[in-house]
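Participant: After the sequence you'll find the predicted model.
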Amino acid sequence: MSNGRWLPNEVSIRSFHLHETCQLSLFATSRHIPDIEEKCDSSMRLDIRASDRDVERYLDGRISQLPGYVRKSTDLQNEVKTAIIKAVDGMFLLARLNFDSLRGKKVMRNALNRLPTGSDAYRDAYKDAMERIEGQLDDERDLAKPLTTAELQEAIAVEVNESKLDETNFFEISTMISVKIIRLVHYTTQEYFERTRDDWSLDAETFITTICVTYLSFETFNTGFCLTLRDFVKRVQSNKLSTYAAPFWGLHAGKASIPEKALEHALLRFLENQAKVDASWQLVDSHDLLELHVGQGPSLESSYSYYSYSRFSSRGLTGMHITAFFGLETVIQLLLYSGKLEVDSRDSPSERVFSLDFNIINQGQTPLSYAVESGHEKVVKLLLDTGKVEVDSENAQGQTSLYRAAKFGNEKVVKLLLDTGKVEIDTINKLDETPLLGAVRNGHESIVKLLLNTGAVNINQSNYKHRTPISYAAESGFESMVKLFLNTNSVDISFADKYHRTPISYAAQFGSESMVNLLLDTGKIDIGYQDDSGLTSFSYACLQRSGSIMKLLLDAGKVDLNHKDDNGMTPFWLAASAGCEAVVKQILNTNEVDLKCEMDYWVCPENAWWDHEEIVKLLIKKYADIKMDIPPEAEHRIRKEWPGLLETT
């Protein structure tokens, strides 16, 4: 386990536990990371450093790579070794970086005097390495930018404006390794690039985007999406870069320098070709699965069922849809200027794909829908400003852009849509849900406020389950949201859903004491209201063992303590089974419980209250107080499980 990256907290805790319980010996290596050092504080440790002799042997093996005038001078060679050994201070990677920085230097002693040292040694060494990369010939420098192994071979072989991959352009793996692009050899390298990425990628994103979209425009994708699973698997395995280029070109384009003529041409060539877009989106839709299985042959094919594969097929998206999905404002402008794509077209599967899967629920979406759902505010505004989009268009499920913006919590986008004055604020989709319900169910209070402030929403509109916004808010414990609804003075807080459950029923079930209190304070709650199973709010509080909520409901004084649900259980036995001693005591003290009707539960061996001795004591005492005999079977069990309890209680 090295670099501390293989010692996450849970693994390290379990490892130390194994060490203590099983006398297991562990060997781990790590950089000096405070959290890890603290965990290993009591362990035997050894600092691993390169000895001066180790570094010297390494340099002796590479000295022949220095300029000829150094190779001819033993004194100069010794100066090089001495200077590097002193600068690296036991850090072996620095020895390599510093040595590489000397190759090609004409004034060696000046270079030796500038070798990085101290706490910034790695940063300075990496900076020098990047400057050397930038200084290489174009062909060599380009090799130091993109990916890995087989995908990287294809990426490097791509030529802009070409229509297919020329395999004669493939570099050997050994060549790619020699120019240092396969992987970051040390964690400090990753840290360096995370800090200084913007300094070295001024044109890298443009370069990578151009390569990706050029690749996706190759002739091999002219057939569009694959109609069979076998064809799809074959395409993936024959075009290795496609699994990176399709899902990630848009992310690179978002950081690229556009306009750039070569990139503009490549983008239009790709995005205005429907077949190429279809092929690309099929890869995007199946990206998660491909990440796990690409390159594994049969395992990839077996991972798709006939049903699931149909869902990964093309949905008829155009280049405008994909660009909106990625939120590429500049590229949208480019497409609008070109004028070859409709700005408000709807996606929809072809008949061949639709016949495979009748559960494709999001078809019929426009580019605006995709931009809205992804929260790309600038693209939404750009599309709205064209005046050519139907702002309130619905997809196959009757979901409008406003509904999706509310559901996904995009407050700025919701404002943009409301400001158009062209949206129906309380439109109902095919699940009978409104934008308000979408916002409530996903906890977006700021959007709930926006919609309520329009004065155009029906606050009691229920969905296909007959549940209202306040029902979902009460269930989720969104107290401030419920207060918003109560402040309207028009919310029905006792509205029952299709199962005859009310908001307080859900609040009691999911343990929100403050929510129950808030609803009780309205004075409009029927605590004894029963759902389809005969359960009340108190019943749900008992089932969840929520003693505080049980007490709240009891204190309200409206709980029917002798009410039986569909299973014949009363509040008393529900509380006893939950082990809530204080609540059981409070119920017994009311003297409203008809214990004669409860005698059957004494002898039921499955009753959970038998696990709670204090509850049993309370019952024994209560039966004694009212001079009622305990059922013989119950008495027998008590004497067996708690000898002497009857005599001492």
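Facilitator: Looks like it arrived, so ask away.
Participant: list the buried ones in the helix or strand hosting Leu402?
Facilitator: Leu402 is part of helix 401-407, with elements assigned from DSSP states H and E. By 16 or more other Cβ atoms under 10 Å, the buried positions in helix 401-407 come out as 401-407. For glycine as for every other residue, the C-beta is placed from the backbone atoms N, C-alpha and C.
Participant: and those residues as TSV, adding pLDDT?
Facilitator: Shown next, in TSV, are those (pLDDT from 0 to 100):
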residue	pLDDT
Ser401	95
Leu402	97
Tyr403	96
Arg404	95
Ala405	96
Ala406	97
Lys407	95
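Participant: from those residues, which two are the most distant?
Facilitator: Ser401 and Lys407 (10.7 Å; Cβ to Cβ).
Participant: give me the number of residues near the closest residue to Asn517 other than its chain neighbours?
Facilitator: Excluding the flanking residues, the one nearest Asn517 by Cβ to Cβ, 6 or more residues apart in numbering is Leu552, at 6.2 Å. Counted with other Cβ atoms under 10 Å, the neighbours of Leu552 add up to 20.
Participant: wait, Leu552 sits on Leu519?
Facilitator: No. Checked against Cβ atoms under 8 Å, the pair Leu552 and Leu519 is beyond contact range at 10.1 Å.
Participant: so which helix or strand takes in the closest residue to Leu341 other than its chain neighbours?
Facilitator: Leaving aside its sequence neighbours, Leu341 sits nearest to Met320 (Cβ to Cβ, 6+ apart; 4.6 Å). Assessed by DSSP H and E, Met320 sits inside helix 319-326.
Participant: Which secondary structure elements does that helix sit against?
Facilitator: helix 242-253, helix 261-271, helix 274-285, helix 329-338, helix 367-374, helix 377-385 (3 or more Cβ pairs under 8 Å, 6 or more residues apart in numbering; DSSP states H and E).
Participant: buried set for the second one?
Facilitator: What that stands for is helix 261-271. 263-264, 266-271.
Participant: packing partners for that helix?
Facilitator: helix 204-216, helix 274-285, helix 319-326, helix 329-338.
Participant: what about 10 Å?
Facilitator: Counting contacts by 3 or more Cβ pairs under 10 Å, 6 or more residues apart in numbering; DSSP states H and E, helix 261-271 is packed against helix 204-216, helix 242-253, helix 274-285, helix 319-326, helix 329-338.
Participant: What average pLDDT does that helix get?
Facilitator: The predicted model gives helix 261-271 an average pLDDT of 91.
Participant: Switch the buried residues of helix 401-407 over to a markdown table; also include distance to Val423.
Facilitator: Formatted as a markdown table, the buried residues of helix 401-407 follow (distance: Cβ to Cβ, whole Å):
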| residue | distance to Val423 |
| --- | --- |
| Ser401 | 7 |
| Leu402 | 5 |
| Tyr403 | 10 |
| Arg404 | 12 |
| Ala405 | 10 |
| Ala406 | 11 |
| Lys407 | 14 |
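Participant: Now do the host helix or strand of Lys234, average pLDDT.
Facilitator: Taking DSSP H and E as the definition, one finds Lys234 inside helix 229-238. Average pLDDT, helix 229-238: 85.
Participant: picking that back up, which residues are in contact with each of Ser401 and Lys407?
Facilitator: 372-373, 435 (Cβ atoms under 10 Å, 6 or more residues apart in numbering).
Participant: Export those residues to TSV and append columns for distance to Leu227.
Facilitator: TSV is the format used below for the shared contacts of Ser401 and Lys407 (distance: Cβ to Cβ, whole Å):
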residue	distance to Leu227
Val372	31
Glu373	28
Pro435	38
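Participant: and which of those residues is nearest to Ser64?
Facilitator: Using Cβ to Cβ, Glu373 comes nearest to Ser64 of these, at 60.3 Å.
Participant: and the nearest residue to the closest one once chain neighbours are set aside, what does it touch?
Facilitator: With Cβ to Cβ, 6+ apart as the criterion, Glu373 has its nearest non-adjacent residue at 4.8 Å, and that residue is Arg404. Neighbouring residues of Arg404 by Cβ under 10 Å, 6+ apart: 362, 365, 368-370, 372-374, 395, 410, 413-414, 417, 429, 435, 438.
Participant: Buried only: go through those residues for me.
Facilitator: Here, 16+ other Cβ under 10 Å leaves 365, 368-370, 372-374, 395, 410, 413-414, 417, 429, 435, 438 buried among those.
Participant: What is the nearest of the residues you listed to Val277?
Facilitator: The closest of the buried ones among the contacts of Arg404 to Val277 turns out to be Tyr370 (Cβ to Cβ; 13.1 Å).
Participant: Tell me how far that closest one lies from Ser217.
Facilitator: 21 Å (Cβ to Cβ, to the nearest Å).
Participant: what does Ile493 give?
Facilitator: Distance from Ile493 to Ser217, by Cβ to Cβ: 59 Å.
Participant: Comparing those two, which shows the higher neighbour count?
Facilitator: More neighbours surround Ser217 than the other of Ile493 and Ser217, with 25 against 20 (other Cβ under 10 Å).
Participant: Tell me both backbone torsions, phi and psi, for the more buried one.
Facilitator: phi -100, psi 0 (degrees, to the nearest 10).
Participant: same thing with Asn460?
Facilitator: Per degrees, to the nearest 10, the backbone of Asn460 is at phi -110, psi 10.
Participant: Grab the nearest non-local neighbour of it.
Facilitator: Asn460's closest residue in space is Asp492 (Cβ to Cβ, 6+ apart), at 4.9 Å.
Participant: thought the one you found was touching Pro503?
Facilitator: Yes. Look at Asp492 against Pro503 with Cβ atoms under 10 Å: they come within range, at 9.2 Å.
Participant: The two - which one has more neighbours?
Facilitator: Higher neighbour count among Asp492 and Pro503: Pro503, with 30 against 16, using other Cβ under 10 Å.
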